[in-house]
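Colleague: how does the following fold in three dimensions:
(chains A and B)
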Number of protein chains: 2
Amino acid sequence: MAGADWQSLEQCLEKYLPLADLQEVKRILYGSDTRRLDLPERAFEAARQCDFDLQGYAFPAAEEQIRHPRLLRVGLVQHRIPLPAKTPVAEQVSTIHRRIEAIVEVAAMCGVNIICFQEAWTMPFAFCTREKLPWTEFAESAEDGLTTRLCQKLAKKHGMVVISPILERDHDHGDVLWNTAVVISNSGAVLGKTRKNHIPRVGDFNESTYYMEGNLGHPVFQTQFGKIAVNICYGRHHPLNWLMYSINGAEIIFNPSATTGNLSESFWPIEARNAAIANHCFTCAINRVGEEHFPNEFTSGDGRKAHKDFGYFYGSSYVAAPDGSRTPGLPRNRDGLLVTELDLNLCRQMNDLWSFKMTGRYEMYARELAEAVKPNYSPHIVKE
Amino acid sequence: MAGADWQSLEQCLEKYLPLADLQEVKRILYGSDTRRLDLPERAFEAARQCDFDLQGYAFPAAEEQIRHPRLLRVGLVQHRIPLPAKTPVAEQVSTIHRRIEAIVEVAAMCGVNIICFQEAWTMPFAFCTREKLPWTEFAESAEDGLTTRLCQKLAKKHGMVVISPILERDHDHGDVLWNTAVVISNSGAVLGKTRKNHIPRVGDFNESTYYMEGNLGHPVFQTQFGKIAVNICYGRHHPLNWLMYSINGAEIIFNPSATTGNLSESFWPIEARNAAIANHCFTCAINRVGEEHFPNEFTSGDGRKAHKDFGYFYGSSYVAAPDGSRTPGLPRNRDGLLVTELDLNLCRQMNDLWSFKMTGRYEMYARELAEAVKPNYSPHIVKE
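Modeller: Here you go, the predicted model:
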């Protein structure tokens, strides 16, 4: 069905499975049990009033002698686009701004230290239309656009690091567009930006009509709470992308996304979680929610008739830990805030236990990859 | 519980979930529905008599105009070690040989074209003991050992490609040991061998006591039925290992393994499946079954008292497809043969649809990795 009328895997399993079997199923599907976090009642009350789902979990780590626990809370926000896509651009943006401000207030009540919004969070995901106006009018300067200024205000007010993935207009380089995440320090200063490294050409996701592959490499941002990176959307399909953020020291990699049910829902629980395991770090997968309808019809390169909707964005945002465990997902059909307490000490503990970096043989792969990209590369094939 | 008394995720879900919910859960957990394969009744009868589980599935691909479907059947064999580890080596080996011969007979009835056994399939996984004798006596020449000769006989008799992962004794290079998979053509000729590229130092898996990282690179074997590679056990945690087999053209990557429940069971459904998605190929994850007890006690580096058992090998072998779908797993607690029909055309179809190779930017990563391994590398970290 892949639509709105089925809430979540977790809700279904909890409804039907006897407790002992449920525990075993969760162990296999989700790894070691994730503790529920005690969040303040007023936060739940505010979430009810604003009509979004609020869940909280905690990943513990073992106690160490020398290092104190390095606890912090991340907040993942998933939301539907509240106004129809034909509403004037400025009105759409300000309505989304107000919505997110309200959710961030609740995140602050929950003690969130780093919050991340979904990909291109201020706009409908209009790239399927291949039309330019009015959609490119959602683009803003990463350094001093309206959205960055809002995020700076929120960051300063709440002492929170804010990751704000937007459509960027690059005024200093020919006014081109980028798919960018702006990272704002809890001081309110813009810490920097990072760009989507891999751009899809898949069905409705022909985004290279608008912007190209990111040119900022794999920066990691040192925040007061830990070292973070942002792997935007389609980059989650590329294991090397996760790896380079991890090699540069990322302890948490956020993956703000926009992806629909008929396309990728069976990939969703796999990729970010595999990255957390393979790189001994936390990963945070965020997807938008709901259906988006556009004024003019468009086709999707799949033989279907022209239509005006994009398919169903299935939410299901979650956090995965380096020990292979993960939180349940937010619902498939509601706005939501997922608060997760991490002990970053778990990263090095898993690195020491599993040792994928120590045993990674990167020198060999650097050599093999450099050979493999040569035009005259001859694959290593053994024949009878 | 992580032990033998819980059969499988699939059996549990099918027992308790209403049909409509079961379908939705399977769609999210397993991707598009995998068709059951009609296997001959005499095969099921033989499997019953030999007391192993037999399941069959098929992954379809879209029809093309120029290429015919490229159908083949793979067989994955998981088995427990039938005799106690203190039994004389030659008796253990010949008992396992007879057991596997019987399973291969059934595979032949099911039309299997390529069969793969579990890691170090002729022996208990004794590396946790760190003792040398008698365990190193299970090692054999890859080219003309007893086990290779048996596999050649089976390959020729059944016209089947046989992948035989063994402990190898390398007579030509100082009599050292390797963790090796021998690939035998359906003609009966030894096509070649490939070695485990990444060696664990994790808990009971301190295998570098016995053998080191493989030195044969990432060979792909051109068989009559398609291009195959073998990523042995711990190499499944290393995305670059899968990637290089895929870059060299592998359409199916086998992952013969030996891994226990308390260690890795929540990783198991994730890693091989992520590799199938990320590399547009089929992956075949094979794990052994049951408990293995050794004559002398040993410790596991986890503070527990000395003991003689290894933990529970949880079976659960499965095949994952490049479209993100997968078969159910074989049971956690029984020997089994999983027969899966693949249409290899699905690999290029998914490559064309998702284009992870086209958008992979390997040149950038070859450069970044080459930098990152330098002793004086300075990670790309942005500070306030």
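Colleague: could you count how many residues lie near whichever residue of the stretch 101-250 of chain A sits closest to chain B?
Modeller: Closest residue of the stretch 101-250 of chain A to chain B, CB to the nearest CB: A:Pro239 (3.4 Å). Where you see a C-beta, it was placed from the backbone N, CA and C, and this is true even at glycine. The burial count assigned to A:Pro239 is 26, neighbours taken as other CB atoms under 10 Å in any protein chain shown.
Colleague: what's the per-residue pLDDT of A:Cys116 here?
Modeller: We have a pLDDT of 98 for A:Cys116.
Colleague: in this structure it contacts A:Leu76, no?
Modeller: Yes. A:Cys116 is within contact range of A:Leu76, at 5.9 Å (criterion: CB atoms under 8 Å).
Colleague: of those two, who's got more company?
Modeller: Neighbour count, other CB under 10 Å: between A:Cys116 and A:Leu76, A:Leu76 has more, with 30 against 26.
Colleague: before we move on, what SS does that one have?
Modeller: strand (DSSP: H, G, I helix; E, B strand; the rest coil).
Colleague: which residue ranges of chain A form helices?
Modeller: Remark: helices assigned in chain A by DSSP state H are A:9-16, A:19-30, A:41-49, A:89-109, A:146-158, A:239-247, A:261-264, A:268-279, A:345-354, A:362-372.
Colleague: CSV please, covering those and showing mean pLDDT.
Modeller: Below are the helices of chain A laid out as CSV (pLDDT from 0 to 100):
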stretch, mean pLDDT
helix A:9-16, 92
helix A:19-30, 91
helix A:41-49, 98
helix A:89-109, 98
helix A:146-158, 98
helix A:239-247, 98
helix A:261-264, 84
helix A:268-279, 98
helix A:345-354, 97
helix A:362-372, 98
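Colleague: with respect to B:Phe127, which of these lies nearest?
Modeller: Ranking these by proximity to B:Phe127 (CB to CB) places helix A:345-354 first, at 16.8 Å.
Colleague: in contact with A:Pro84: list those residues for me.
Modeller: Applying CB atoms under 8 Å, 6 or more residues apart in numbering or on different chains, we find A:Pro84 in contact with A:His293.
Colleague: what about chain A, any weak spots by pLDDT?
Modeller: Along chain A, the model assigns pLDDT under 70 to residues A:1-2.
Colleague: for burial, what's the neighbour tally of A:Asn296?
Modeller: 10.
Colleague: and A:Glu143, by the same measure?
Modeller: The burial count for A:Glu143: 15, using other CB under 10 Å.
Colleague: related to what we said a few turns ago, which residues are common contacts for A:Cys116 and A:Leu76?
Modeller: A:254, A:284, A:286.
Colleague: how many neighbours does the second one have?
Modeller: Around A:Cys284 sit 28 other residues, with neighbours defined as other CB under 10 Å.
Colleague: hmm, A:Ala250 and it touching each other?
Modeller: No. If you go by CB under 8 Å, A:Cys284 and A:Ala250 don't touch, sitting 11.2 Å apart.
Colleague: chain B contacts on the stretch 1-150 of chain A?
Modeller: The stretch 1-150 of chain A comes close to chain B at residues A:1-2, A:6, A:9, A:12-13, A:16-18, A:21, A:24-25, A:27-32, as judged by CB under 8 Å from any CB of the partner chain.
Colleague: which residues touch the nearest residue to A:Ile247 once chain neighbours are set aside?
Modeller: Spatially, and ignoring its direct neighbours in sequence, A:Ile247 is nearest to B:Ala372 (5.0 Å; CB to CB, 6 or more residues apart in numbering or on different chains). Counting by CB under 8 Å, 6+ apart, B:Ala372 makes contact with A:244, A:247, A:362, A:366, B:379.
Colleague: tell me the spacing between B:Ala372 and A:Tyr362.
Modeller: Counting by CB to CB, to the nearest Å, the gap from B:Ala372 to A:Tyr362 is 7 Å.
Colleague: so what sits against both of the two?
Modeller: In contact with both B:Ala372 and A:Tyr362: A:Ile247, using CB under 8 Å, 6+ apart.
Colleague: tell me which stretches of the stretch 151-300 of chain A form strands.
Modeller: A:161-170, A:176-184, A:190-195, A:201-202, A:205-206, A:220-223, A:226-230, A:252-256, A:282-286, A:289-298 (DSSP state E, counting those that start in this stretch).
Colleague: identify whichever of the ones you listed lies nearest to A:His97.
Modeller: Nearest to A:His97 among the strands of the stretch 151-300 of chain A is strand A:161-170; the distance by CB to CB comes to 11.0 Å.
Colleague: kind regards, and thank you for your time.
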